[in-house]
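Asker: Fold the following.
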Amino acid sequence: MGYPTINYIGNKEKIVQWISSLIPTNVSTFFDAFCGGCSVSYMAKEKGLEVYSNDILKINYLMALALIENKDQVIDIDDLAKIFSGEPQKGFMYKNYANQYYFPKECMDLDMIRNNILHLKDKYKRALAFTLMRRAMIRKMPYSRFTIKWDKVVELRNEELSYAKYGRRRHYHNQSFQFHFEDNLQQYNNAVFDNGKTNKAFNLDVYDAIRLINADVIYLDPPYAGTMNDYFGFYGLLDSYINNEKAQPFEHNFMDKKTILAEFERLFSSLGKYKYWMLSYNSRSKPSKEELLELLSKYSNSIEVHEMPYAYRVTGKEKKQKDIEYLFLIRNTNYEE
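Answerer: Reported below is the predicted structural model:
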(Lines give C-alpha, C1' and ligand atoms only; values in the text may rest on other atoms or scores of the structure.)
Protein backbone atom coordinates (compact mmCIF):
# COMPACT_ATOMS: atom_id res chain seq x y z
CA MET A 1 0.00 0.00 0.00
CA GLY A 2 1.17 3.53 -0.74
CA TYR A 3 0.46 6.32 -3.20
CA PRO A 4 2.30 5.61 -6.48
CA THR A 5 4.34 7.95 -8.67
CA ILE A 6 1.79 9.90 -10.71
CA ASN A 7 3.47 13.01 -12.22
CA TYR A 8 0.57 15.46 -12.03
CA ILE A 9 1.16 19.20 -12.13
CA GLY A 10 -0.41 20.81 -9.07
CA ASN A 11 -0.49 17.50 -7.20
CA LYS A 12 -0.64 17.80 -3.42
CA GLU A 13 1.47 14.72 -2.71
CA LYS A 14 4.24 16.66 -0.95
CA ILE A 15 1.87 18.52 1.37
CA VAL A 16 -0.83 15.90 1.75
CA GLN A 17 0.01 15.14 5.38
CA TRP A 18 -0.39 18.82 6.22
CA ILE A 19 -3.83 18.76 4.58
CA SER A 20 -4.63 15.52 6.41
CA SER A 21 -3.87 17.15 9.77
CA LEU A 22 -6.48 19.85 9.07
CA ILE A 23 -9.41 17.57 8.23
CA PRO A 24 -11.99 17.85 11.03
CA THR A 25 -12.03 14.78 13.26
CA ASN A 26 -15.82 14.42 13.45
CA VAL A 27 -16.32 13.42 9.80
CA SER A 28 -16.73 10.06 8.08
CA THR A 29 -17.33 11.01 4.43
CA PHE A 30 -15.00 13.07 2.22
CA PHE A 31 -15.77 14.52 -1.23
CA ASP A 32 -12.74 15.48 -3.36
CA ALA A 33 -14.44 17.60 -6.04
CA PHE A 34 -11.38 18.27 -8.25
CA CYS A 35 -9.45 15.10 -7.50
CA GLY A 36 -6.73 15.51 -10.18
CA GLY A 37 -3.90 13.12 -9.41
CA CYS A 38 -5.86 11.66 -6.46
CA SER A 39 -3.20 12.23 -3.79
CA VAL A 40 -5.68 13.85 -1.39
CA SER A 41 -8.36 11.25 -2.12
CA TYR A 42 -5.81 8.52 -1.49
CA MET A 43 -4.82 10.08 1.83
CA ALA A 44 -8.48 10.27 2.86
CA LYS A 45 -8.93 6.62 1.92
CA GLU A 46 -5.89 5.72 4.04
CA LYS A 47 -7.47 7.63 6.95
CA GLY A 48 -10.45 5.28 6.76
CA LEU A 49 -12.91 7.84 5.40
CA GLU A 50 -15.52 7.00 2.78
CA VAL A 51 -14.23 8.89 -0.24
CA TYR A 52 -16.01 10.31 -3.27
CA SER A 53 -13.55 11.42 -5.96
CA ASN A 54 -14.59 13.50 -8.94
CA ASP A 55 -12.83 15.05 -11.92
CA ILE A 56 -13.93 16.33 -15.32
CA LEU A 57 -10.92 14.74 -17.05
CA LYS A 58 -11.59 11.12 -18.00
CA ILE A 59 -8.04 10.01 -17.19
CA ASN A 60 -8.31 11.46 -13.67
CA TYR A 61 -11.62 9.66 -13.20
CA LEU A 62 -9.94 6.40 -14.26
CA MET A 63 -7.14 7.03 -11.74
CA ALA A 64 -9.79 7.45 -9.05
CA LEU A 65 -11.61 4.33 -10.24
CA ALA A 66 -8.34 2.36 -10.12
CA LEU A 67 -6.91 3.70 -6.83
CA ILE A 68 -9.87 4.98 -4.78
CA GLU A 69 -12.99 2.98 -5.70
CA ASN A 70 -11.13 -0.23 -6.56
CA LYS A 71 -10.71 -2.57 -3.60
CA ASP A 72 -8.68 -5.51 -4.89
CA GLN A 73 -8.34 -5.78 -8.67
CA VAL A 74 -4.77 -5.66 -10.01
CA ILE A 75 -3.02 -6.34 -13.31
CA ASP A 76 -1.71 -9.92 -13.36
CA ILE A 77 0.60 -11.77 -15.76
CA ASP A 78 -2.27 -12.91 -17.98
CA ASP A 79 -3.61 -9.34 -18.23
CA LEU A 80 -0.14 -8.09 -19.11
CA ALA A 81 0.16 -10.62 -21.92
CA LYS A 82 -3.22 -9.55 -23.34
CA ILE A 83 -2.43 -5.84 -23.16
CA PHE A 84 0.76 -6.11 -25.20
CA SER A 85 -0.24 -8.84 -27.67
CA GLY A 86 -0.85 -8.44 -31.39
CA GLU A 87 0.42 -6.16 -34.12
CA PRO A 88 0.65 -2.35 -34.11
CA GLN A 89 -2.42 -0.72 -35.68
CA LYS A 90 -2.95 2.38 -37.80
CA GLY A 91 -5.85 3.65 -35.71
CA PHE A 92 -6.96 6.92 -34.11
CA MET A 93 -3.62 7.91 -32.56
CA TYR A 94 -1.68 7.12 -35.74
CA LYS A 95 -4.10 9.06 -37.95
CA ASN A 96 -4.31 12.13 -35.71
CA TYR A 97 -1.11 12.41 -33.69
CA ALA A 98 1.79 10.70 -35.50
CA ASN A 99 4.74 13.11 -35.59
CA GLN A 100 2.86 15.46 -33.28
CA TYR A 101 3.45 13.86 -29.88
CA TYR A 102 4.98 10.47 -30.69
CA PHE A 103 6.62 8.81 -33.67
CA PRO A 104 4.33 6.88 -36.07
CA LYS A 105 5.29 3.41 -34.80
CA GLU A 106 4.66 4.53 -31.22
CA CYS A 107 1.20 5.81 -32.16
CA MET A 108 0.47 2.44 -33.77
CA ASP A 109 1.54 0.75 -30.55
CA LEU A 110 -0.81 3.02 -28.60
CA ASP A 111 -3.74 2.07 -30.83
CA MET A 112 -3.03 -1.63 -30.34
CA ILE A 113 -2.65 -1.27 -26.56
CA ARG A 114 -5.86 0.73 -26.19
CA ASN A 115 -7.90 -1.88 -28.06
CA ASN A 116 -6.38 -4.64 -25.94
CA ILE A 117 -7.13 -2.83 -22.68
CA LEU A 118 -10.78 -2.50 -23.67
CA HIS A 119 -10.96 -6.30 -23.92
CA LEU A 120 -10.07 -6.75 -20.25
CA LYS A 121 -13.27 -7.95 -18.59
CA ASP A 122 -13.07 -6.09 -15.28
CA LYS A 123 -13.65 -2.30 -15.23
CA TYR A 124 -11.11 -1.81 -12.44
CA LYS A 125 -8.45 -3.68 -14.37
CA ARG A 126 -9.20 -1.50 -17.41
CA ALA A 127 -8.97 1.63 -15.27
CA LEU A 128 -5.69 0.52 -13.72
CA ALA A 129 -4.27 -0.37 -17.14
CA PHE A 130 -5.14 3.08 -18.53
CA THR A 131 -3.67 4.67 -15.39
CA LEU A 132 -0.42 2.80 -16.04
CA MET A 133 -0.53 3.82 -19.70
CA ARG A 134 -0.90 7.41 -18.54
CA ARG A 135 2.30 6.98 -16.55
CA ALA A 136 4.03 5.45 -19.60
CA MET A 137 2.87 8.19 -21.98
CA ILE A 138 3.88 10.94 -19.54
CA ARG A 139 7.26 9.29 -18.95
CA LYS A 140 8.02 9.31 -22.67
CA MET A 141 6.96 12.95 -23.10
CA PRO A 142 9.53 15.71 -22.43
CA TYR A 143 8.47 17.90 -19.50
CA SER A 144 5.67 15.40 -18.74
CA ARG A 145 2.92 17.36 -20.48
CA PHE A 146 1.41 17.55 -23.96
CA THR A 147 2.01 21.21 -24.77
CA ILE A 148 5.51 20.79 -26.23
CA LYS A 149 5.93 21.44 -29.97
CA TRP A 150 6.98 18.44 -32.04
CA ASP A 151 10.35 19.84 -33.14
CA LYS A 152 11.24 20.34 -29.46
CA VAL A 153 10.05 16.82 -28.61
CA VAL A 154 12.30 15.40 -31.34
CA GLU A 155 15.22 17.49 -30.12
CA LEU A 156 14.84 16.41 -26.51
CA ARG A 157 14.42 12.76 -27.49
CA ASN A 158 17.70 12.85 -29.46
CA GLU A 159 19.86 11.58 -26.63
CA GLU A 160 23.21 12.77 -27.96
CA LEU A 161 21.93 16.21 -28.94
CA SER A 162 20.15 16.50 -25.60
CA TYR A 163 23.33 15.56 -23.77
CA ALA A 164 25.42 18.07 -25.72
CA LYS A 165 22.94 20.91 -25.19
CA TYR A 166 21.43 20.15 -21.77
CA GLY A 167 23.83 17.66 -20.17
CA ARG A 168 21.14 14.95 -20.00
CA ARG A 169 20.46 12.06 -22.39
CA ARG A 170 16.88 11.44 -21.18
CA HIS A 171 16.98 7.81 -22.33
CA TYR A 172 13.64 7.13 -20.64
CA HIS A 173 11.87 9.14 -23.37
CA ASN A 174 12.92 6.48 -25.87
CA GLN A 175 12.02 3.40 -23.88
CA SER A 176 8.86 1.61 -24.97
CA PHE A 177 5.39 2.04 -23.52
CA GLN A 178 5.58 -1.58 -22.42
CA PHE A 179 8.85 -0.96 -20.59
CA HIS A 180 7.36 1.91 -18.58
CA PHE A 181 4.12 0.01 -17.93
CA GLU A 182 5.99 -2.99 -16.54
CA ASP A 183 8.48 -0.80 -14.68
CA ASN A 184 5.63 0.79 -12.70
CA LEU A 185 3.32 -2.22 -12.49
CA GLN A 186 4.25 -3.50 -9.02
CA GLN A 187 4.09 -0.02 -7.49
CA TYR A 188 0.60 0.59 -8.90
CA ASN A 189 -0.66 -2.89 -8.04
CA ASN A 190 0.59 -2.41 -4.48
CA ALA A 191 -1.34 0.88 -4.25
CA VAL A 192 -4.68 -0.95 -4.53
CA PHE A 193 -6.28 -1.63 -1.14
CA ASP A 194 -9.64 -1.93 0.62
CA ASN A 195 -10.30 0.46 3.50
CA GLY A 196 -13.62 -1.22 4.29
CA LYS A 197 -15.69 1.67 2.89
CA THR A 198 -17.75 2.09 -0.28
CA ASN A 199 -15.62 4.66 -2.08
CA LYS A 200 -16.83 6.00 -5.44
CA ALA A 201 -15.30 7.72 -8.47
CA PHE A 202 -17.16 10.21 -10.69
CA ASN A 203 -16.46 11.87 -14.05
CA LEU A 204 -18.66 14.96 -13.84
CA ASP A 205 -18.60 18.71 -14.15
CA VAL A 206 -18.07 19.99 -10.61
CA TYR A 207 -21.55 21.51 -10.34
CA ASP A 208 -23.21 18.27 -11.44
CA ALA A 209 -21.09 16.39 -8.91
CA ILE A 210 -22.09 18.79 -6.12
CA ARG A 211 -25.77 18.27 -6.89
CA LEU A 212 -25.31 14.49 -6.73
CA ILE A 213 -22.85 13.86 -3.89
CA ASN A 214 -23.48 14.26 -0.16
CA ALA A 215 -20.61 14.22 2.34
CA ASP A 216 -19.50 15.68 5.66
CA VAL A 217 -16.63 17.60 4.08
CA ILE A 218 -16.01 18.84 0.54
CA TYR A 219 -12.39 19.45 -0.49
CA LEU A 220 -11.88 21.95 -3.32
CA ASP A 221 -8.63 22.12 -5.27
CA PRO A 222 -9.55 23.91 -8.52
CA PRO A 223 -6.96 25.08 -11.05
CA TYR A 224 -5.20 28.17 -9.77
CA ALA A 225 -6.19 31.11 -11.99
CA GLY A 226 -3.24 33.25 -13.00
CA THR A 227 -0.81 30.34 -13.11
CA MET A 228 0.37 28.18 -16.03
CA ASN A 229 -1.78 25.23 -14.97
CA ASP A 230 -3.76 24.51 -18.15
CA TYR A 231 -4.93 21.02 -17.30
CA PHE A 232 -6.79 20.39 -20.53
CA GLY A 233 -3.71 21.47 -22.50
CA PHE A 234 -1.42 19.39 -20.33
CA TYR A 235 -3.50 16.19 -20.23
CA GLY A 236 -6.37 16.43 -22.71
CA LEU A 237 -4.52 14.15 -25.14
CA LEU A 238 -4.89 11.32 -22.63
CA ASP A 239 -8.68 11.73 -22.73
CA SER A 240 -8.55 11.70 -26.54
CA TYR A 241 -6.56 8.47 -26.40
CA ILE A 242 -8.94 6.78 -23.98
CA ASN A 243 -12.10 7.89 -25.80
CA ASN A 244 -10.69 7.30 -29.30
CA GLU A 245 -11.86 10.76 -30.33
CA LYS A 246 -10.57 14.28 -29.86
CA ALA A 247 -11.50 15.63 -26.44
CA GLN A 248 -13.14 19.05 -26.11
CA PRO A 249 -12.17 21.70 -23.54
CA PHE A 250 -14.46 21.73 -20.51
CA GLU A 251 -16.80 24.58 -19.69
CA HIS A 252 -15.90 25.43 -16.08
CA ASN A 253 -12.11 25.52 -16.04
CA PHE A 254 -11.52 28.12 -13.27
CA MET A 255 -8.66 29.58 -15.31
CA ASP A 256 -10.00 32.94 -16.55
CA LYS A 257 -8.81 35.73 -14.25
CA LYS A 258 -11.60 37.99 -15.54
CA THR A 259 -14.38 35.66 -14.43
CA ILE A 260 -12.78 33.77 -11.54
CA LEU A 261 -14.46 35.81 -8.78
CA ALA A 262 -17.89 35.15 -10.27
CA GLU A 263 -16.98 31.46 -10.65
CA PHE A 264 -16.03 31.20 -6.98
CA GLU A 265 -19.21 33.06 -6.01
CA ARG A 266 -21.24 30.47 -7.92
CA LEU A 267 -19.21 27.63 -6.42
CA PHE A 268 -19.54 28.75 -2.80
CA SER A 269 -23.26 29.43 -3.19
CA SER A 270 -23.77 25.77 -4.18
CA LEU A 271 -22.15 24.23 -1.08
CA GLY A 272 -24.92 24.66 1.49
CA LYS A 273 -25.38 20.93 2.16
CA TYR A 274 -21.77 20.37 3.31
CA LYS A 275 -20.87 20.86 6.98
CA TYR A 276 -17.20 21.61 6.26
CA TRP A 277 -15.51 23.11 3.23
CA MET A 278 -11.78 22.86 2.60
CA LEU A 279 -10.22 24.99 -0.14
CA SER A 280 -6.65 24.82 -1.40
CA TYR A 281 -5.28 27.92 -3.11
CA ASN A 282 -2.01 29.74 -3.66
CA SER A 283 -0.60 33.21 -3.09
CA ARG A 284 0.43 33.60 -6.76
CA SER A 285 -3.12 33.02 -7.97
CA LYS A 286 -6.23 35.10 -8.49
CA PRO A 287 -8.36 35.88 -6.52
CA SER A 288 -6.25 36.90 -3.54
CA LYS A 289 -6.56 35.49 -0.04
CA GLU A 290 -8.38 38.66 1.02
CA GLU A 291 -10.85 38.44 -1.87
CA LEU A 292 -11.57 34.80 -1.07
CA LEU A 293 -12.12 35.62 2.60
CA GLU A 294 -14.57 38.35 1.66
CA LEU A 295 -16.53 35.91 -0.51
CA LEU A 296 -16.47 33.16 2.09
CA SER A 297 -17.64 35.48 4.87
CA LYS A 298 -21.07 35.56 3.18
CA TYR A 299 -21.49 31.89 4.06
CA SER A 300 -19.64 31.41 7.33
CA ASN A 301 -18.41 33.23 10.42
CA SER A 302 -16.05 30.33 11.19
CA ILE A 303 -13.14 30.47 8.73
CA GLU A 304 -9.56 29.39 9.38
CA VAL A 305 -6.72 30.09 6.95
CA HIS A 306 -3.68 27.86 7.30
CA GLU A 307 -0.50 28.68 5.40
CA MET A 308 2.55 26.77 4.25
CA PRO A 309 5.49 27.91 2.09
CA TYR A 310 5.37 25.82 -1.06
CA ALA A 311 6.56 26.10 -4.65
CA TYR A 312 4.98 24.58 -7.75
CA ARG A 313 7.10 24.18 -10.85
CA VAL A 314 5.57 23.50 -14.26
CA THR A 315 8.97 23.21 -15.94
CA GLY A 316 12.39 22.31 -14.61
CA LYS A 317 13.71 25.73 -15.62
CA GLU A 318 11.42 27.81 -13.43
CA LYS A 319 12.97 29.27 -10.35
CA LYS A 320 11.24 28.16 -7.22
CA GLN A 321 8.88 30.92 -6.18
CA LYS A 322 8.46 31.84 -2.56
CA ASP A 323 4.75 31.13 -2.70
CA ILE A 324 2.36 30.40 0.12
CA GLU A 325 -0.08 27.50 -0.09
CA TYR A 326 -3.37 28.32 1.60
CA LEU A 327 -5.79 25.87 3.14
CA PHE A 328 -9.11 27.52 3.98
CA LEU A 329 -11.15 25.52 6.49
CA ILE A 330 -14.74 26.70 6.60
CA ARG A 331 -17.45 25.50 8.95
CA ASN A 332 -20.77 26.10 7.26
CA THR A 333 -22.65 28.06 9.92
CA ASN A 334 -25.89 27.65 7.96
CA TYR A 335 -25.57 23.87 7.94
CA GLU A 336 -28.42 21.94 9.51
CA GLU A 337 -27.96 18.34 10.70
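
Asker: May I have the secondary structure class of the residue in the chain sticking out farthest from the centre?
Answerer: Here the centre of the chain is the reference, and by Cα atoms, centre = their mean the most remote residue is residue 164, at 33.7 Å. The assignment at residue 164 comes out as helix when based on DSSP: H, G, I helix; E, B strand; the rest coil.

Asker: how close does it sit to residue 158?
Answerer: As judged by Cβ to Cβ, to the nearest Å, residue 164 and residue 158 stand 9 Å apart. Heads up, the C-betas are built off the backbone N, CA and C, glycines and all.

Asker: mind checking the SS state of the nearest residue to residue 87 once chain neighbours are set aside?
Answerer: Among residues not flanking residue 87 along the chain, residue 112 sits closest, at 6.7 Å (Cβ to Cβ, 6 or more residues apart in numbering). Three-state assignment for residue 112 (three-state DSSP): helix.

Asker: Is residue 112 in contact with residue 88, as I believe?
Answerer: Yes: counting by Cβ atoms under 8 Å, residue 112 does reach residue 88; the two are 5.2 Å apart.

Asker: more crowded one of the two?
Answerer: Each of residue 112 and residue 88 has its neighbours counted (other Cβ atoms under 10 Å); residue 112 has more, 22 against 16.

Asker: Which pLDDT value belongs to the more buried one?
Answerer: Turning to residue 112, the model gives it a pLDDT of 98.

Asker: circling back to that earlier point, for the residue nearest to residue 87, list the residues it contacts.
Answerer: Contacts for residue 112 (Cβ atoms under 8 Å, 6 or more residues apart in numbering) come out as 86, 87, 88, 89, 91.

Asker: just residue 210 next, same as before
Answerer: 33, 218, 270, 271.

Asker: Burial check on the last one, number of neighbours?
Answerer: Pointing back at residue 271 there. Neighbour tally, residue 271, other Cβ under 10 Å: 20.

Asker: ok, how many other residues are close to the closest residue to it other than its chain neighbours?
Answerer: Nearest non-adjacent residue to residue 271, counting by Cβ to Cβ, 6+ apart: residue 277, 5.7 Å away. Neighbours of residue 277 under the rule other Cβ under 10 Å: 23.

Asker: packing partners for the stretch of helix or strand residue 277 belongs to?
Answerer: Element membership for residue 277 (DSSP states H and E) is strand 276-282. On a contact count with 3 or more Cβ pairs under 8 Å, 6 or more residues apart in numbering; DSSP states H and E, strand 276-282 meets helix 16-22, strand 217-220, helix 289-296, strand 324-331.

Asker: continuing past the shortest one, what's the next helix or strand?
Answerer: Looking back up the chat, that one is strand 217-220. Per DSSP H and E, the first helix or strand lying C-terminal to strand 217-220 is helix 231-243.

Asker: Now do the contacts for residue 55.
Answerer: Going by Cβ under 8 Å, 6+ apart, residue 55 touches 34, 35, 36, 61, 64, 202, 203.

Asker: What is the burial count for the second one?
Answerer: Other residues lying near residue 35 total 28 when counted by other Cβ under 10 Å.

Asker: A helix includes it, no?
Answerer: No: assigned with three-state DSSP, residue 35 falls outside any helix and is coil.

Asker: The helix or strand bottoming out on mean pLDDT in the chain - contacts with which helices or strands?
Answerer: Ranking every helix and strand in the chain by mean pLDDT, DSSP states H and E puts helix 159-166 at the bottom, with a mean of 77. Using 3+ Cβ pairs under 8 Å, 6+ apart, the elements in contact with helix 159-166 are helix 150-157.

Asker: what's the helix it packs on in contact with?
Answerer: With Cβ under 8 Å, 6+ apart as the test, helix 150-157 has contacts from 99-101, 141-142, 148, 161-162, 165-166, 170, 173-174.

Asker: and with 7 Å instead?
Answerer: 99, 100, 101, 142, 161, 162, 170, 173, 174 (Cβ atoms under 7 Å, 6 or more residues apart in numbering).

Asker: Check stretch 235-249 too.
Answerer: 57-59, 62, 92-93, 96, 101, 110, 114, 130, 134, 137, 146, 232.

Asker: Among those residues, which one sits closest to residue 325?
Answerer: Distance to residue 325, by Cβ to Cβ, is smallest for residue 57 among those, at 22.2 Å.

Asker: Report the residue spans of the protein with pLDDT below the cut-off.
Answerer: The model of the chain has pLDDT under 70 over residues 228-229, 252, 312-321, 337.

Asker: List the residues that contact residue 19.
Answerer: 12, 40, 327.

Asker: quick revisit: can you redo the contacts of residue 55 as CSV with distance to residue 125?
Answerer: Converted to CSV, the contacts of residue 55 look like this (distance: Cβ to Cβ, whole Å):
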residue, distance to residue 125
34, 26
35, 20
36, 23
61, 16
64, 15
202, 20
203, 18
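
Asker: for this structure, which helix is longest?
Answerer: Ranked by number of residues, the top helix in the chain under DSSP state H is helix 123-140.

Asker: Let's verify residue 146: helix, strand, or coil?
Answerer: Applying three-state DSSP: residue 146 is coil.

Asker: how close does the closest residue to it other than its chain neighbours sit to residue 92?
Answerer: With sequence-adjacent residues excluded and distances taken as Cβ to Cβ, 6+ apart, residue 146 is closest to residue 237, at 4.3 Å. According to Cβ to Cβ, residue 237 and residue 92 sit 11 Å apart.
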